[in-house]
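>>> prediction below, plus the sequence it came from.
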Amino acid sequence: MAQEVRGVIAPGKDEAVRVETIVVPDPGPGEAVVRVQACGVCHTDLHYKQGGINDDFPFLLGHEAAGVVEAVGDGVTDVEPGDFVILNWRAVCGKCRACLRGRPWYCFDTHNAKQRMTLTDGTELSPALGIGAFAEKTLVAAGQCTKVDPAVAPQVAGLLGCGVMAGIGAAINTGGVGRGDSVAVIGCGGVGDAAIAGSHLAGAATIIAVDIDDRKLAKARTMGATHTVNSRETDPVEAIRELTGGFGADVVIEAVGRPETYQQAFYARDLAGTVVLVGVPTPEMKLELPLLDVFGRGGSLKSSWYGDCLPSRDFPMLIDLHLQGRLDLGAFVTETIQLDEVEKAFERMHQGDVLRSVVVL
Ligand SMILES: NC(=O)c1ccc[n+]([C@@H]2O[C@H](COP(=O)([O-])OP(=O)(O)OC[C@H]3O[C@@H](n4cnc5c(N)ncnc54)[C@H](O)[C@@H]3O)[C@@H](O)[C@H]2O)c1
Ligand SMILES: [Zn+2]
Ligand SMILES: [Zn+2]
């Protein structure tokens, strides 16, 4: 029997989000219904609301979540009711050309639930990143559920479902940050700070945090930044070069998603260094770079989808590190809020007041 629960929808471009009654179908083959316990507010939810991702309104927002599996459909063997899980938005298929070549984190055919959640009048909802977890319950593909140690608090665990995983993974998976490296991170929100924490975890020697907001820079220091640069006041490219013996950083992680910050990342990198774009641009943005510089500076320009993570490999490992006291995931939670406070949380995010607001249910 389908169930009715409360959920937060974005009704149309730039309209305020609101709590509505959502109809959640019973799980079909390969699907699971999850009772959501916590879901972080990510900048990507705001992009959805602003129409920056696509026009498939209304969206059921929220995608950074943890909860307990309530029911599973036919053929589901990896999780069962009662399992504590983190939801992921890249459930790998195991069959596409990337998966078959042993690179499942690139999977080109990730999947979501086949059935749709709806409003009570039957209007189909587009769940943000195929999750839709600003809701008491949500329907996902079973492969989107990754079991982790239930000893961790849900509001902390959920963060690995998107921003924190994207940031840590941008550093340790995509950027390949290792012991002794110099790293610069441009944009120190939840994603950028996670890249800083990931670089710290990986043993980077120099970690330069760049932001336009001093409050973010102060927080970045607590995450492991060894130096900070306010790029409103100081040219970040020059500052990063100065802090790295005049050369630039081995790895520069762009966690804003704008052409000007990408350019900064491009030029703040040492010869043969790596740029990782983890910030998500909007469709109208364009980048212009001298092709000769792209060639002449060598190295690699990479994008990081979800931190190139493999949820089944990375989520349990990072939760274990957290439980051992080696990765302070709790530091990312600025506040916990209720479902009807998501609009307010967007405002606070926009003003730079929070790293993560987390809806607890
Ligand atoms: N690649 C992925 O898989 C993935 C996953 C999650 C989020 N994201 C994206 O990562 C980006 C960051 O997300 P977030 O949740 O941390 O957002 P956020 O709003 O919390 O943080 C953005 C930070 O960038 C700073 N900033 C803004 N303009 C800047 C500029 N010109 N120079 C330097 N700093 C600037 C802000 O002060 C803020 O601290 C977003 O684009 C989001 O969509 C990507
Ligand atoms: Zn695949
Ligand atoms: Zn996100």
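Now that the structure is in, tell me what you want to look at. Residues are numbered from 1 along each chain as shown. Ligands and ions are numbered 1, 2, ... in the order given.

>>> now the helices for the stretch 151-300 of the chain?
Ranges of helices within the stretch 151-300 of the chain are 154-157, 163-169, 190-201, 214-223, 236-243, 259-267, 291-296, based on DSSP state H, counting those that start in this stretch.

>>> ligand 3 versus the residue in the stretch 101-250 of the chain that ligand 2 sits nearest to, what's the distance?
Closest approach of the stretch 101-250 of the chain to ligand 2 (CB to the ion) occurs at Cys107, with a separation of 3.3 Å. All C-beta spots, glycine's among them, are computed from the backbone N, C-alpha and C. Computed as CB to the ion, to the nearest Å, the Cys107 to ligand 3 distance reads 18 Å.

>>> from ligand 3, how far off is the residue nearest to that residue when sequence neighbours are not counted?
Leaving out its chain neighbours, the residue that sits closest to Cys107 by CB to CB, 6 or more residues apart in numbering is Val92, at 4.0 Å. According to CB to the ion, Val92 stands 18 Å off from ligand 3.

>>> count of neighbours near Val92?
Val92 is flanked by 22 other residues according to other CB atoms under 10 Å.

>>> tell me how far Met117 lies from ligand 3.
19 Å.

>>> give me the phi and psi for the residue lying closest to that residue once chain neighbours are set aside.
Closest residue in space to Met117, ignoring its immediate chain neighbours: Leu125 at 5.0 Å, by CB to CB, 6+ apart. Geometry field for Leu125 lists phi and psi as phi -100, psi 150, criterion degrees, to the nearest 10.

>>> around Leu125, how many other residues sit close by?
Neighbour count for Leu125, taken as other CB under 10 Å: 23.

>>> and the helices in the stretch 1-150 of the chain?
Counting by DSSP H, counting those that start in this stretch, the helices of the stretch 1-150 of the chain are 43-49, 97-100.

>>> out of these, nearest to Arg6?
Among the helices of the stretch 1-150 of the chain, the nearest to Arg6 by CB to CB is helix 43-49 (16.6 Å).

>>> what helices or strands is the closest one leaning on?
Contact here means 3 or more CB pairs under 8 Å, 6 or more residues apart in numbering; DSSP states H and E; on that basis helix 43-49 packs against helix 342-350.

>>> near ligand 3 at all, the helix it packs on?
No: Helix 342-350 stays clear of ligand 3 (CB under 5 Å from the ion), getting no nearer than 11.6 Å.

>>> after that helix comes which helix or strand?
Using DSSP states H and E, the helix or strand that follows helix 342-350 towards the C-terminus is strand 357-360.

>>> what's the spacing between the residue of the stretch 101-250 of the chain closest to ligand 2 and Gly189?
For Cys107, the distance to Gly189 (CB to CB, to the nearest Å) stands at 26 Å.

>>> who has more neighbours out of those two?
Per other CB under 10 Å, whichever of Cys107 and Gly189 has more neighbours is Gly189, with 25 against 20.

>>> interface residues of the chain facing ligand 2?
Residues of the chain lying close to ligand 2 by CB under 5 Å from the ion are Cys93, Cys96, Cys99, Cys107, Asp109.
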